[in-house]
Every structure is written in structure tokens, then in C-alpha cells.
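Chemist: need the 3D shape of this:
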Amino acid sequence: MDANYYFLSIKDSDFDIFFKTLTKNQQREFVWWFVYEPGKPKSDINLYINKQDNRAFFIDFVRLCPLYKHKLSVGLMFKMLEFAKFNYFEPKDYSYVEDRQIKLFYSLKNNPIARKICKDLCYEKIQKAQKNSGVFLKVLIALESEDNLQEAINLCHRALRLDLDEATKNSFLKLLQRLESKAPTQS
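Modeler: Next up, the predicted model:
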């Protein structure tokens, strides 16, 4: 294997394209965790790279991604999840992958890159006008923790304009009141 961690022959053409989009560090990281599989004897190396179809690997990665949250970089996980979503899932199943992404990156909210990715993914779901109050709440919590109160207040108003059930609506009303009491008064 040469210094840039690229393989002379990758049989899965979709994976070949994906691998070329990775930075050198991400290629190195991918090879370490998924090609050489730490702890495996060198004589028993399983190269995902040389498989004809990596569909099962990427579908499993979506399902098991929380296991890698403290092993892989946020950037590599995001690229792998996006690749899996658009190459191995039907459009009707995108929301499953998006929900897994949001849950994963929200759990890493102390990492500024993960927080930004989570926020962007939540905004995308909100733009699709989904009535998922959990998505709104995750974005609101992130905005509040960043002291971005005005944006949180605006998002709260947007959530209230949706046709939410009464209990959810009351939760957003209480949150809105709390945010408005914390927001600096404008003079």
C-alpha cells in the first residue's frame, strides 16, 4: 500500500469514487478501522476495498454508527453516512438514515463540527416541513447553548405555526416564554 492509502484496484466502482473523495487523513483512518481491522492478525486481513459490492458493509455502518462515535472522526462518519444514504438506500428510506445521523451527531454535541452537522441536518428536516418535534427541540437546545436566543425564538415560533398536538404545543409555549425571558431586551 502506498503512502496515500489508495489501492491499485477497487472492484466496487461506487466505493472507488467514495474513497477518492476522502482526505488523506480520512483514507488513513478508513484503512485503519475497516481494512486492517485492529486486533486482527496481519495474515488474516479482510479488505472491504476488494469486495465487488460494499452494500452490506455500509448498511451495517448506518445501523451500528454509534459504536464508532469515539473511534472515527466526525468528518469521516458524515461522509460514510451520506454515501450510504445516497447509494444504498431508497429515497423513501432517507429519513431513517437522517434520523440516525441526527441522533449520532447530537450525541457528540460537545464537538463543534458535530454540532454544526447536527444543526444543518435538523434544519434540512425542518425545511421539509416535517412535524417532528424532536428535531425542533434538538436544534433549539443547540441554539440556546450557543446563546443564539433570537434564532431559537424564531424557530420556536415556526414550530408553533405547525399543526402540533396539544402537549407538544404547550412544551413549545413554555420554551418560548423561557427563551424570551432570557433574551436581552431590545431598545
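Chemist: distance of Asn110 from His70?
Modeler: 12 Å (Cβ to Cβ, to the nearest Å). For glycine as for every other residue, the C-beta is placed from the backbone atoms N, C-alpha and C.
Chemist: for Asp53, same thing?
Modeler: Counting by Cβ to Cβ - Asp53 and His70 are separated by 29 Å.
Chemist: just Glu29 next, same as before
Modeler: 13 Å.
Chemist: tell me which helix or strand Cys122 sits in.
Modeler: helix 112-127 (DSSP states H and E).
Chemist: before we move on, back to that, what about Glu29 and His70, which has more around it?
Modeler: Of the pair Glu29 and His70, Glu29 is the one with more neighbours under other Cβ atoms under 10 Å, namely 19 against 8.
Chemist: ok, now which ones touch the more buried one?
Modeler: 72-73, 76 (Cβ atoms under 8 Å, 6 or more residues apart in numbering).
Chemist: look up how far Leu104 lies from it.
Modeler: According to Cβ to Cβ, Glu29 and Leu104 sit 16 Å apart.
Chemist: list the contacts of the residue nearest to Leu149 when sequence neighbours are not counted.
Modeler: What sits nearest to Leu149 in space, not counting adjacent residues and going by Cβ to Cβ, 6 or more residues apart in numbering, is Ala183, at 4.4 Å. Going by Cβ under 8 Å, 6+ apart, Ala183 touches 149-150, 153.
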